[in-house]
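> Fold the following, please.
(one chain, ligands or ions: 1)
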Amino acid sequence: MKKVITYGTFDLFHQGHYKLLKRAKELGDWLIVGVTTDNFDLERGKMNTCDNVMDRIAAVQATGLADQIVIEEYKGQKIDDIQKYKVDVFAIGSDWTGYFDYLKEYCQVVYLPRTEGISSTQLRQDRPTVSLGIIGTGSIARRFVPESKFVNSIPVTAAFNPNQEECAGFCKQFEIPVAAKTLDEFYQNCSAVYVASPHFTHYEYVKSALNAGKHVLCETPFVFKRSEAEELYGIAESKNLVLMVALKTAYCPAFGHLITLLKSGMIGEIVEVSASVTTLTDENSQKMDSRYFGGSMSENACFPLLPIFKLLGTDYRNINFYSKIKNGVDIYTKAVFRYDSAVASFQVGLGAKSEGNMVISGTKGYAYVPAPWWKTDYFEIRYEDQNQNKKYFYPYAGEGLRYEIKDFVTAILQKNSFFSKVSKRENLYMAQVQEAYLSKNQLFVL
Ligand code: C2G
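Take a look at the predicted model:
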């Protein structure tokens, strides 16, 4: 029996895919089709896939052409599969001509003609889009726009900043069609809003955007009061709008997998989470200005709060804060959380520097994420017996913002099947911690 194998993502399955499979099948008696996992596609830079792996497999299955379907999970797997399944022919579309010649050592390699005039990329472009408006045109917005280009279906169509000159310059630089002069004009030119304005303005802008019927992605820290967070979620829910917080770490592949590994008991019961984020900042920056809710807690605390809440939950007994204050803002804060059966702590600093790693201790071992852990592509699980240690590597593309942007657009376009990687509950408690700190609850000044 002559065995043929071919691989693909098969996103938005189309006629070109069908013809390719048909031609591949005609090359032998048994056709094996490898379908890429969502993670493998992310790793090889395909950010834009619309259908998930289960749907893509179902589409291949529905053709009736595949005698066997396998999942493609890693680079180099093709060689393993060819040997494992005793494959005679490797077939792939002519857009890959030459690329897979290295497989000739293992079997015959055939490049089949590609069907002209149709592609997943083109079909994705024809799908509905979310026109995005940006409020606030500072440094994070400047990093956000180039990242958004890696994600389909979310063109940036408008920007707003009360400083119109700055707004116009921003729009010119990033080729954004509308530099809105008023919020009304802004809302007329977008269907979703990214709030990237100074922290203290988040609440008002998010509320105004939701009331204007827009989906919202808000930068961190979301808001400084739990009641404000509750109110904003209330509006979003009543209007059936997506409200997400842009805490980039939550959306990154390495962080997501670390959490699921630890939740499945890899280091036993978790007894402590300890994380640090320090970013030395100019004293004259707005981030260091008490009038604008500046300071280490407001700037950085959401990052360590994320793993703490994900791993230990939000039912802490109490928190103590220890802060070094200068010009009315905390230049360094250590927070210690007491849970019933665990402890957590973090250090944040804008005016003092520390090692920015994260260590999660458990009864069987510990996880070590080197600095800067909040944008990591790598971590280790370590044990008493070092032979058991494991290292994990992941993609972390560009500034890491494209992952949250992809989740945001997916949330809007496929609302029913979406869950937010930072939950409402986690966001409410993050606001609660900020509020406790601002009210100087259990604050010890150093
Ligand atoms: N194809 C085609 N005609 C088109 C579009 C795609 O013949 N108009 C072929 C491709 O050449 C490929 C297959 O259909 O052989 C699947 O294409 P994609 O889903 O785009 O997958 P791809 O990114 O090419 O992945 O490990 C995965 C492989 O490297 C191929």
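> can we go C-alpha only for contacts and neighbour counts from here?
Fine.
> and S439, how many residues sit next to it?
Neighbourhood size, S439 [other C-alpha atoms under 10 Å]: 10.
> just the one 3 residues further on next, same as before
Applying the criterion other C-alpha under 10 Å, we find 14 residues in the vicinity of Q442.
> same question, S264
Other residues within reach of S264, judged by other C-alpha under 10 Å, total 10.
> and it, how far is that from T333?
Distance of S264 to T333, given as C-alpha to C-alpha, to the nearest Å: 31 Å.
> The longest helix seen in the chain: how far from the chain's middle?
Longest helix in the chain, counting residues (DSSP state H): helix 424-438. Centroid separation for helix 424-438 versus its chain: 21 Å, with C-alpha atoms, centre = their mean, to the nearest Å.
> what residues are up against the residue of the stretch 151-300 of the chain found nearest the ligand?
Residue of the stretch 151-300 of the chain nearest the ligand, by C-alpha to the nearest ligand atom: N152 (15.2 Å). With contact set as C-alpha atoms under 8 Å, 6 or more residues apart in numbering, N152 has these partners: 48, 124-125, 406.
> which parts of the chain sit against the ligand?
7-11, 16-17, 20, 92-95, 114-116, 118-119 (C-alpha under 6 Å from any ligand atom).
> make it 8 Å
6-11, 13-21, 34-36, 72, 75, 78, 91-96, 112-120 (C-alpha under 8 Å from any ligand atom).
> Filter those residues down to the buried ones and express that as a ChimeraX selection.
A single ChimeraX command selects the buried members of the residues of the chain next to the ligand (16 or more other C-alpha atoms under 10 Å):
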select :6,7,8,9,10,11,13,16,17,18,20,21,34,35,36,72,78,91,92,93,112,114,115,119,120
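> Settle this for me: E299 is touching K287, isn't it.
Yes: counting by C-alpha atoms under 8 Å, E299 does reach K287; the two are 7.0 Å apart.
> Let's test this: what are the backbone torsions at the residue in the chain that the ligand sits nearest to?
The ligand sits closest to G93 of the chain, with a gap of 3.0 Å, by C-alpha to the nearest ligand atom. Main-chain torsions, G93, degrees, to the nearest 10: phi -70, psi 160.
> what's the nearest residue to it if we skip its chain neighbours?
Excluding its sequence neighbours, the residue lying closest to G93 (C-alpha to C-alpha, 6 or more residues apart in numbering) is L112, at 4.8 Å.
> How about the contacts made by that neighbour?
By C-alpha under 8 Å, 6+ apart, L112 lies in contact with 20, 23-24, 91-94.
> R338 now?
316-319, 344.
> Please apply the same query to A250.
256, 306, 421-422.
> secondary structure class for it?
helix (DSSP: H, G, I helix; E, B strand; the rest coil).
> With the one 5 residues further on instead?
For F255, the assignment made with three-state DSSP gives helix.
> Run a quick neighbour tally on it.
23.
> What of S276?
Counted with other C-alpha under 10 Å, S276 comes out at 25.
> now swap in the one 3 residues further on and tell me
A total of 16 residues lie near T279 under the criterion other C-alpha under 10 Å.
> ok but V348 is inside a strand, no?
Yes: using three-state DSSP, the assignment for V348 is a strand.
> thinking again about what came up before, now do the residue of the stretch 151-300 of the chain closest to the ligand against N189, distance only.
Distance from N152 to N189, by C-alpha to C-alpha: 18 Å.
> With G64 instead?
G64 is 45 Å from N189, by C-alpha to C-alpha.
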